[in-house]
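1. Just need the structure, nothing else, for what follows:
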Amino acid sequence: MQSLYEINSEIHDLIYGYYEALEDGDGVIPEDLQKGLDELAIKRENKIGNYCKFIKNCNAEVKMLKDEIDNLTKRKKVVENKSKFIKSMLESNMSIGELYSDSNSKISWRKSESVNIIDESSIPEDYTETEIKIKKSDIKKAIKAGHIISGAEIKINQNIQIK
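-> Below is the predicted model:
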């Protein structure tokens, strides 16, 4: 099985041979050379088509997996919420310190500490974090509208599309 690179190399070699034939001969393309180029062109076309089919299959599988992940994530959240609800029902219907135990489970209580923020604006800066998020889409709109944005430019890319 030849790779696309190998097919392209063979085409290159045949074309190079064609130029040598032109320099040495009467300028007529030898029949076997044309036949070889035609065969390689078909191989190349098939190889590119197969690559496209493979990429489309991979993209379809990625979409299917993403959809399945989304479904499982939703189901996971539902089950987590059920568990939290039942746990809160237990907490509100049992006395603090009340113990329970059977062959499958055990309920006990422990103390823990957590910080309750009453007013975020009065917290000193030493205890806060600020995350900077660059708004690329807004920058692009501004540059296209004629504004100069220091430290940013619009970059032109060429992206292959397979449909």
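2. what's around I7, how many residues?
-> Counted with other CB atoms under 10 Å, the neighbours of I7 add up to 19. In short, each C-beta sits where N, CA and C put it, glycine included.
3. and it, how far is that from E23?
-> Here I7 is placed at a distance of 25 Å from E23 (CB to CB, to the nearest Å).
4. Equivalent analysis for N46, please.
-> Taken as CB to CB, the span from N46 to E23 is 32 Å.
5. the more surrounded of those two?
-> N46 (11 against 8).
6. helices or strands up against the helix or strand containing that one?
-> Applying DSSP states H and E as the criterion places N46 in helix 31-93. Helices and strands touching helix 31-93, by 3 or more CB pairs under 8 Å, 6 or more residues apart in numbering; DSSP states H and E, are helix 4-24.
7. same thing but 10 Å
-> helix 4-24, strand 106-107 (3 or more CB pairs under 10 Å, 6 or more residues apart in numbering; DSSP states H and E).
8. Paired strands for the last one, with orientation please.
-> To tie it back to what came earlier, the one meant is strand 106-107. strand 100-101 (antiparallel) (DSSP bridges).
9. What mean pLDDT does the strand it pairs with get?
-> In this model, strand 100-101 carries a mean pLDDT of 92.
10. Ok, stretch 1-12 next?
-> On average, stretch 1-12 scores 90.
11. Now that stretch: buried residues?
-> I7, E10, I11 (16 or more other CB atoms under 10 Å).
12. contacting residues around the host helix or strand of S137?
-> In this assignment (DSSP H and E), S137 forms part of helix 136-144. For helix 136-144, the external contacting residues (CB atoms under 10 Å, 6 or more residues apart in numbering) are K135, H147, I148, I149, G151, A152, E153, I154.
13. In a markdown table, list these along with neighbour count and secondary structure.
-> A markdown table is the format used below for the contacts of helix 136-144 (neighbours: other CB atoms under 10 Å; DSSP: H, G, I helix; E, B strand; the rest coil):
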| residue | neighbour count | secondary structure |
| --- | --- | --- |
| K135 | 9 | coil |
| H147 | 9 | coil |
| I148 | 8 | coil |
| I149 | 12 | coil |
| G151 | 6 | coil |
| A152 | 13 | coil |
| E153 | 9 | coil |
| I154 | 9 | coil |
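14. what's the most distant pair in the residues you listed?
-> K135 and I148 (16.4 Å; CB to CB).
15. can you tell me how far the residue nearest the centre of the chain sits from N81?
-> For the chain, the residue nearest the mean C-alpha position is V62 (9.0 Å; CA atoms, centre = their mean). Per CB to CB, V62 is found 29 Å from N81.
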